[in-house]
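1. after the sequence you'll find the predicted model.
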Amino acid sequence: MANDIFHDGNRELQRRFDTERLAGRVGELTHDRIDGNDRAFIEHMDMFFIATVDEQGHANCSYKGGEPGFVRVVDDKTIAFPNYDGNGMYLSMGNVLRTKQVGLLFIDFEQQHRMRFNGEASISYDDPLMAEYPEAQFIVRVRAREIFPNCPRYIHKMQLVQRSKFVPKSECETPVPAWKAGGWVDDVLPTNDPARRPDAEVLDR
């Protein structure tokens, strides 16, 4: 597995900076099955970054947030998470439909720990997990190709102040973001968008 993750570009830089031996040793930490430590870390997280690529090789990176545990470990090769309402562009998820390739970066800024989870993603509109995520549009499942920890030295130590009030929950109505209620998108909102309701609660952030 360690040697499989390096291509000619990686090797060129490793040779230039004399890190081939180091890279090989660190690469030994790479695995393709979710162990107990991986599971505990993933299901503790309330956010991650996701990189995708389109059919032309153009990359896109996005942030996904939710309540702790919104990313679920399904089995020792697979994780799943919901896709919630956003700005309607579907840049990341559209790429998933076309190329399936994703790179997830989980970062715990409080404990200064991070993990990469690379693999192949799929989208399901009738996944059994849909019932467990209020307002989910669909479920994304990612089958692992490479899982490995990253050096934590450059992670800035931060503390959580408040989780987003817009994350859907079963016990309360989700507020509408102010940008959707500002007038400039009124005529193009989806027919069933909550922002169309005159009694909707609107929050700036």
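-> Great, that's in hand.

2. C-alpha from now on. contacts and neighbour counts both.
-> OK.

3. buried set for stretch 66-77?
-> For stretch 66-77, burial by neighbour count (16 or more other Cα atoms under 10 Å) applies to 66-67, 69-74, 77.

4. rebuild the residues you listed as a markdown table, extending it with distance to residue 10, secondary structure and pLDDT.
-> Shown next, in a markdown table, are the buried residues of stretch 66-77 (distance: Cα to Cα, whole Å; DSSP: H, G, I helix; E, B strand; the rest coil; pLDDT from 0 to 100):
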| residue | distance to residue 10 | secondary structure | pLDDT |
| --- | --- | --- | --- |
| 66 | 34 | coil | 97 |
| 67 | 36 | coil | 96 |
| 69 | 34 | coil | 95 |
| 70 | 33 | coil | 97 |
| 71 | 30 | coil | 98 |
| 72 | 32 | strand | 98 |
| 73 | 30 | strand | 98 |
| 74 | 32 | strand | 98 |
| 77 | 26 | coil | 98 |
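
5. between the residues you listed, which is nearest residue 19?
-> Of all those, residue 77 has the smallest distance to residue 19: 29.8 Å, by Cα to Cα.

6. correct me if wrong: that closest one contacts residue 144.
-> Yes. Residue 77 is in contact with residue 144 according to Cα atoms under 8 Å; the separation is 5.3 Å.

7. next, show the common contact partners of the two.
-> Common contact partners of residue 77 and residue 144 (Cα atoms under 8 Å, 6 or more residues apart in numbering): 32-33.

8. show me the shaky parts of this structure.
-> Along the chain, the model assigns pLDDT under 70 to residues 1-3.

9. care to break it down by domain?
-> With domains defined by automatic domain parsing, the chain comprises 1-30, 31-149.

10. my read: residue 146 touches residue 29, true?
-> No. Counting by Cα under 8 Å, residue 146 does not reach residue 29; the two are 9.9 Å apart.

11. what about those two, which has more around it?
-> residue 146 (21 against 14; other Cα atoms under 10 Å).

12. what strand or helix carries that one?
-> strand 138-149 (DSSP states H and E).

13. centre of the chain to that strand, how far?
-> 9 Å (Cα atoms, centre = their mean, to the nearest Å).

14. do stretch 25-44 as well
-> 16 Å.

15. please apply the same query to stretch 18-30.
-> 26 Å.

16. neighbours of the nearest residue to residue 121 once chain neighbours are set aside, how many?
-> With Cα to Cα, 6 or more residues apart in numbering as the criterion, residue 121 has its nearest non-adjacent residue at 4.2 Å, and that residue is residue 142. For residue 142, the neighbour count with other Cα under 10 Å is 25.

17. residue contacts, residue 142?
-> 78-80, 119-122.

18. how much space separates it from residue 96?
-> 10 Å (Cα to Cα, to the nearest Å).

19. and for residue 205?
-> 28 Å.

20. looking at the two, which one has more neighbours?
-> Per other Cα under 10 Å, whichever of residue 205 and residue 96 has more neighbours is residue 96, with 21 against 11.

21. can I assume that one sits in a strand?
-> No. Counting by DSSP: H, G, I helix; E, B strand; the rest coil, residue 96 is not part of a strand but helix.
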